[in-house]
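Enquirer: Sharing a sequence plus its predicted fold:
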Amino acid sequence: MDEPPHRMRPPQEPPQRPRRPRRARPYDPVTRPGWSPVRPGTARSPEAHGEPQEDLPPSARLYGAPVAPPRHGIPRRLRRPLIGLLVLVICAGAVTGVAVLAVRSLSSAEPARVTDRVAGAGYRLPAGWNRAASPPVTGFTSAAGDGRTVTVLVGPGEPVTDARRSATELADLYSKLLLHGDEVKVEEDEAVTVGGWTGHSRALRAQYRDVVNLPAYLRVVVLTRPSGPPVVLLAVARPDGPGPRAAIDAVVAGLGPA
């Protein structure tokens with residue numbers, strides 16, 4: 001009996017041992033001797049300073065760990081002079097502030113006063129008033145006001161024998177020159193004594209028919225003295241009101257010798 005032919009089996013490769021994957025080593029140019037990205041020469045690795053490389057960022061691995069800048073303090077020999085100088089500056093500032101406050105308090109406590117040497121008279125100014133550089137009306141030698149509503153002018157007058165008549169004539173004259181009222185009424189006409197001087201006061205109130213101009217107020221005071229020309233005060237308020245009138249009364253009450 002014939003035997004069947006044998007089949008040829010393919011040759012089997014011998015079993016191979018599995019290879020362990022190789023761990024990729026990070027590129028570290030610092031380990032290359034003789035080269036440094038910062039300056040020529042051999043770079044120093046962080047391990048040379050005793051620093052663990054695993055805890056450093058890539059930049060530190062490349063350039064090394066950052067070094068804290070040196071502390072620049074004030075030398076001890078200069079500390080005391082600088083402290084003394086600082087104390088002196090603070091004390092000087094405090095003294096200056098106290099002096100400024102004292103001057104302001106004194107200036108606010110004492111009202112301003114105008115001294116008119118030509119007219120031979122002086123008068124106090126209400127709060128917020130200032131003396132004018134030059135009188136706006138000829139014949140007067142000093143002027144003051146609040147810059148908004150009231151203006152007061154003082155100057156020497158012509159020799160008179162009747163103060164009432166002089167005050168009446170001057171009030172009518174300045175009313176026509178300054179007020180131009182459609183209707184003018186006499187608000188005051190009486191004798192006055194101010195600063196040891198006697199005289200007369202006359203006040204007028206001007207009204208207008210138009211709706212633009214508000215009522216205005218004018219007052220003339222003529223004071224005679226034992227020697228020398230009389231003192232003339234002219235006050236104008238636009239518009240009229242209790243406040244401007246009170247301020248004018250205060251100036252008149254404060255008139256006196258220069």
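Expert: All right, it came through fine. Numbers count the residues shown, from 1 in each chain.
Enquirer: so where's the stretch 51-200 of the chain shaky on pLDDT?
Expert: Along the stretch 51-200 of the chain, the parts satisfying pLDDT under 70 run over 51-79, 82, 95, 97-111.
Enquirer: what are the ranges of the helices in the protein?
Expert: All helices of the chain, identified by DSSP state H, fall at 58-63, 76-109, 163-174, 242-253.
Enquirer: For residue 136, give me the backbone phi and psi.
Expert: Per-residue torsions, residue 136: phi -80, psi -10 (degrees, to the nearest 10).
Enquirer: Touching, it and residue 143? I think so.
Expert: Yes: between residue 136 and residue 143 there is a contact at 6.5 Å, judged by C-beta atoms under 8 Å. Just so you know, the C-beta spots here come from the backbone N, C-alpha and C atoms, and that holds for glycine as well.
Enquirer: Pull up the overlap in contacts between those two.
Expert: 151, 153 (C-beta atoms under 8 Å, 6 or more residues apart in numbering).
Enquirer: So for those two, which sits in the more crowded spot?
Expert: Remark: of residue 136 and residue 143, residue 143 carries more neighbours, 20 against 12, as counted by other C-beta atoms under 10 Å.
Enquirer: For residue 172, see how far away the more buried one is.
Expert: From residue 143 across to residue 172, the span is 21 Å (C-beta to C-beta, to the nearest Å).
Enquirer: And residue 214, by the same measure?
Expert: 21 Å.
Enquirer: Counting neighbours, go ahead and name the busier of those two.
Expert: More neighbours surround residue 172 than the other of residue 214 and residue 172, with 15 against 12 (other C-beta under 10 Å).
Enquirer: what's the burial count for residue 117?
Expert: With other C-beta under 10 Å as criterion, residue 117 counts 10.
Enquirer: I'd say it and residue 155 touch.
Expert: No: if you go by C-beta under 8 Å, residue 117 and residue 155 don't touch, sitting 11.6 Å apart.
Enquirer: Do me a favour and get the end-to-end distance for stretch 235-255?
Expert: From its first residue to its last, stretch 235-255 covers 13 Å (C-alpha to C-alpha, to the nearest Å).
Enquirer: which parts of that stretch are buried?
Expert: Buried residues in stretch 235-255, counting neighbours by 16 or more other C-beta atoms under 10 Å, are found at 235-238, 240, 244-245, 247-248, 250-252, 254-255.
Enquirer: Now render those residues as CSV, adding pLDDT.
Expert: What follows is the buried residues of stretch 235-255, written out as CSV (pLDDT from 0 to 100):
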residue, pLDDT
235, 97
236, 97
237, 97
238, 95
240, 96
244, 96
245, 97
247, 97
248, 97
250, 96
251, 97
252, 97
254, 94
255, 95
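Enquirer: Having no further points to raise, I will conclude here.
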